[in-house]
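Asker: Got a predicted structure here, sequence first:
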Amino acid sequence: MSVRIDRVITSGTFELDGGTWDVDNNVWLIGNDDEVLVIDAAHNADAIIDAVGNRHVVAVLCTHGHNDHVTVAPELGKRLDAPVLLHQGDDPLWRMTHPDVNYRSLADVPRITVAGTDIDILHTPGHSPGSVSLHVPAAAALFTGDTLFSGGPGATGRSFSDFDTIIDSIRDRLLTLPEETVVHTGHGDITTIGAEKPALADWVARGH
């Protein structure tokens, strides 16, 4: 059985540096009828659990530690009996939302397997120190969190972010993937590596 990708859109707020913004988040599920990996834990646990159904959850993996991507991570981990995974570089951001809850570090996890399909975990800092992207070669799919969107890189104007770093991550870890790779973003529409390359060339030039 081939791997399938499902999307759940949840709504809430992003909060950082004293500001609050209304946001819609993409929560992605990778798997089959038996097991699934949940990517990001945004706002509404019930909506995500409904999409999971009766499948075994391999993990709840947060692409980074901003509150809108980890809002309900501890709740999901408990209700789905699944580990919550996050790169330890984003520990300060995680603690802003969940000061007394621990997670399992992604720092030493290069790959996860779900539904017989390997998922490569790429450390792509810049939007945050611990941001990761997930590449699924067998499905020609990439999950970028807030590192890469349709139209350009993620925001770097707030605490714990850096423009040159995100440009390096995109150039060195993402633009090297096949152009037909479908990019599943943390917010908004999907795109492809090929579609983003022309615009990203300009961003890369600006970064250095």
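Answerer: It's in.
Asker: can you list the weak-confidence ranges in this structure?
Answerer: Low-confidence regions of the chain, defined here as pLDDT under 70, cover residues 1, 204, 206-208.
Asker: where along it do the strands fall?
Answerer: 4-16, 19-31, 35-39, 56-61, 84-86, 104-105, 111-114, 117-123, 132-136, 141-145, 148-149, 152-153, 182-185, 191-192 (DSSP state E).
Asker: and residue 93, which of these is closest to it?
Answerer: For these, the distance to residue 93 is smallest for strand 4-16, at 8.1 Å, taking C-beta to C-beta. For every residue, glycine as well, the C-beta is placed using N, CA and C.
Asker: buried stuff in that closest one?
Answerer: The neighbour-count criterion (16 or more other C-beta atoms under 10 Å) identifies 5, 8, 10, 12, 14, 16 as the buried residues of strand 4-16.
Asker: Need the CA coordinates for the helix ranked longest in the chain. PDB is fine.
Answerer: Scanning the chain for the longest helix, with DSSP state H as the assignment, gives helix 193-207. Only the C-alpha atoms of helix 193-207 are listed here, as PDB (Å, rounded to 0.1, in the frame of the first residue of the first chain):
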ATOM      1  CA  ILE A 193      10.900  23.000  -5.900                       C
ATOM      2  CA  GLY A 194      11.000  23.700  -9.600                       C
ATOM      3  CA  ALA A 195       8.300  26.400  -9.300                       C
ATOM      4  CA  GLU A 196      10.200  28.200  -6.500                       C
ATOM      5  CA  LYS A 197      13.700  28.000  -8.000                       C
ATOM      6  CA  PRO A 198      13.600  31.200 -10.100                       C
ATOM      7  CA  ALA A 199      12.300  33.400  -7.200                       C
ATOM      8  CA  LEU A 200      14.600  31.700  -4.700                       C
ATOM      9  CA  ALA A 201      17.600  32.600  -6.900                       C
ATOM     10  CA  ASP A 202      16.800  36.300  -6.200                       C
ATOM     11  CA  TRP A 203      16.400  35.600  -2.400                       C
ATOM     12  CA  VAL A 204      19.700  33.700  -2.400                       C
ATOM     13  CA  ALA A 205      21.400  36.700  -4.100                       C
ATOM     14  CA  ARG A 206      20.000  39.000  -1.500                       C
ATOM     15  CA  GLY A 207      21.200  36.800   1.300                       C
END
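Asker: Quick check: the gap between the nearest residue to residue 55 once chain neighbours are set aside and residue 20.
Answerer: Excluding the flanking residues, the one nearest residue 55 by C-beta to C-beta, 6 or more residues apart in numbering is residue 36, at 4.7 Å. Summarising the geometry, the distance separating residue 36 from residue 20, computed by C-beta to C-beta, to the nearest Å, is 31 Å.
Asker: repeat for residue 107
Answerer: Look at residue 107 and residue 20: by C-beta to C-beta, they are 30 Å apart.
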